[in-house]
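Model the structure of this input:
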Amino acid sequence: MKIFHTEITENERDEIYKDFVSINEKYNLVQDNAQERISAHTKQDDKIIGYASGLKHGKWFTITDLWTRKEHRRKGIATTLLQSLLDNAAITGCTHAHVRTQGKKNELFYEKFGFSEMGRLLEFGGKSGFDSVFYQMPFPAKNRTIIREMTEAEYPLLEDFIYTAIYIPSGEELPPREVIFDPEIYIYVDGFGSKTGDHGVVAEQNGKLVGAAWTRIIPAYGHLDESTPELAISVLSEFRGQNIGTLMMTKLFELLSAMGYTRTSLSVQKNNPAVSFYQRLGYVVTAEKLDHAGHEDFIMVKDIGNENFS
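You can find the predicted model right below:
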């Protein structure tokens, strides 16, 4: 038998492909040409800044593209897009997702999201230590974070979350829980749901609420005017460092934008490490003031009117 190493003709390719199709039809297999592409993207100033895409193949979903414009990286955009992409894939009947990636940062990203390694090609491409890694994740994944709108039944839980949100500078002790009933603090949760501007989202893992982000238009620390909701956010301590805050904030921005709001404000102590987190999300410092306890606070504002969350 003679072996040829030249490319076959188009007619020969068609003949082989037709045979593949007949085999697939005989055994009721999914054909490659029947794959459905699912995608998600986001824009700012009518300019695309993030894109995610993949192909449905039976009950498996293959992630093919996940991209964020360079100047918009490290803002949680990729995480938010990936979650939206997988949510849509699950709706279509997919039960598992898989992806191939390269580079330690990308490996950590998918592992943090809930993917588990199922194999790797060592030094793929000839670069030492640069493996091609295959990951998979079932739907729903254990410990996967679900971001959704807050329900009315969950409003009372804001008392717990506002207490968790209290920043304790180094060297200071956590105050008793009763501190939340100080008028300057309790105004953020008192009668939530009864005022214009009361909107909230929660983060859920394995049926447990692990975070909340909400807005109110109230005469509080970060109040600007009657058309700018002030934002508060809280993540349980043991769940921090998982991008949950970014996911909730992004979902809340989307919700506020859809309701016609063009900006949101917040108040944060100047020495709180969260300042850099808010800046990465697009907040800018517009003023400084003292809170009721004498701490120096930044007033920060984010413009959401020029962002497209589609």
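
Could you list the domains of the protein?
Following the assignment in automatic domain parsing, the chain carries domains at 10-141, 146-308.

Tabulate the ones you listed (TSV), appending mean pLDDT and mean neighbour count.
Every C-beta, even on glycine, is put in place using the N, C-alpha and C of the backbone. Output for those, formatted as TSV (pLDDT from 0 to 100; neighbours: other C-beta atoms under 10 Å):
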stretch	mean pLDDT	mean neighbour count
domain 10-141	84	15
domain 146-308	93	16
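
pull the longest helix from the protein.
Assignment by DSSP state H gives helix 10-26 as the longest helix of the chain.

So which elements touch that one?
If you count contacts as 3 or more C-beta pairs under 8 Å, 6 or more residues apart in numbering; DSSP states H and E, helix 10-26 packs onto no helix or strand.

Tell me which helix or strand comes right after it.
On the C-terminal side of helix 10-26, the closest following helix or strand by DSSP states H and E is strand 36-44.

So what pairs up with V201 in the strands?
In this entry, V201 is beta-bridged to E149, A213, by DSSP bridges.

now could you export just the CA positions of the longest helix of the chain as CSV?
Included here for helix 10-26 are C-alpha records, laid out as CSV according to Å, rounded to 0.1, in the frame of the first residue of the first chain:
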residue,chain,number,x,y,z
GLU,A,10,-12.3,18.8,-3.2
ASN,A,11,-14.3,16.0,-4.8
GLU,A,12,-12.4,13.4,-2.7
ARG,A,13,-13.1,15.5,0.4
ASP,A,14,-16.8,15.7,-0.4
GLU,A,15,-17.0,11.9,-0.8
ILE,A,16,-15.3,11.4,2.6
TYR,A,17,-17.5,13.9,4.3
LYS,A,18,-20.7,12.4,2.9
ASP,A,19,-19.6,9.0,4.4
PHE,A,20,-19.1,10.7,7.8
VAL,A,21,-22.6,12.2,7.5
SER,A,22,-24.2,8.8,6.8
ILE,A,23,-22.4,7.3,9.8
ASN,A,24,-23.6,10.1,12.0
GLU,A,25,-27.2,9.7,10.9
LYS,A,26,-27.1,5.9,11.3
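
Just give me how far that helix sits from the chain centre.
42 Å (C-alpha atoms, centre = their mean, to the nearest Å).

What of stretch 157-176?
25 Å.

what about that stretch, start to end distance?
Distance between the two ends of stretch 157-176: 17 Å, counting by C-alpha to C-alpha, to the nearest Å.

what do you get for stretch 147-156?
Using C-alpha to C-alpha, the end-to-end distance of stretch 147-156 comes to 18 Å.

Please work out which residues outside it touch it.
Contact with stretch 147-156 is made by 83, 192-193, 199-204, 209, 212, 214, 247-248, 251, 255, as judged by C-beta atoms under 8 Å, 6 or more residues apart in numbering.

Try it again at 10 Å.
Stretch 147-156 has contacts (C-beta atoms under 10 Å, 6 or more residues apart in numbering) with 80, 83-84, 87, 157-158, 161, 189, 191-194, 198-204, 209, 211-214, 244, 246-252, 254-255.

Going along the chain, name the strands of the stretch 151-300 of the chain.
199-205, 208-216, 230-235, 263-269, 284-290, 296-303 (DSSP state E, counting those that start in this stretch).

can you redo those strands as a markdown table with distance to H223?
As requested, these are exported to a markdown table (distance: least, C-beta to C-beta, whole Å):
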| stretch | distance to H223 |
| --- | --- |
| strand 199-205 | 16 |
| strand 208-216 | 9 |
| strand 230-235 | 6 |
| strand 263-269 | 7 |
| strand 284-290 | 11 |
| strand 296-303 | 9 |
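
Nearest to E184, out of these?
For those, proximity to E184 was assessed by C-beta to C-beta; strand 263-269 is nearest, at 10.5 Å.

Quick one: list the elements packing against the closest one.
Here strand 263-269 touches strand 208-216, strand 230-235, helix 244-258, helix 274-280, strand 284-290, strand 296-303, going by 3 or more C-beta pairs under 10 Å, 6 or more residues apart in numbering; DSSP states H and E.

and the last one, which strands flank it?
Listed by DSSP bridges, the sheet partners of strand 296-303 and their directions read strand 263-269 (antiparallel), strand 284-290 (antiparallel).

Export those strands as TSV, with columns for distance to G93.
Shown next, in TSV, are the strands paired with strand 296-303 (distance: least, C-beta to C-beta, whole Å):
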stretch	distance to G93
strand 263-269	37
strand 284-290	44
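
Would you mind confirming that H295 makes contact with I168?
No - contact between H295 and I168 fails when scored by C-beta atoms under 10 Å: they sit 11.0 Å apart.

that older thread, and of the strands paired with strand 296-303, who's closest to F61?
For the strands paired with strand 296-303, the distance to F61 is smallest for strand 263-269, at 33.4 Å, taking C-beta to C-beta.
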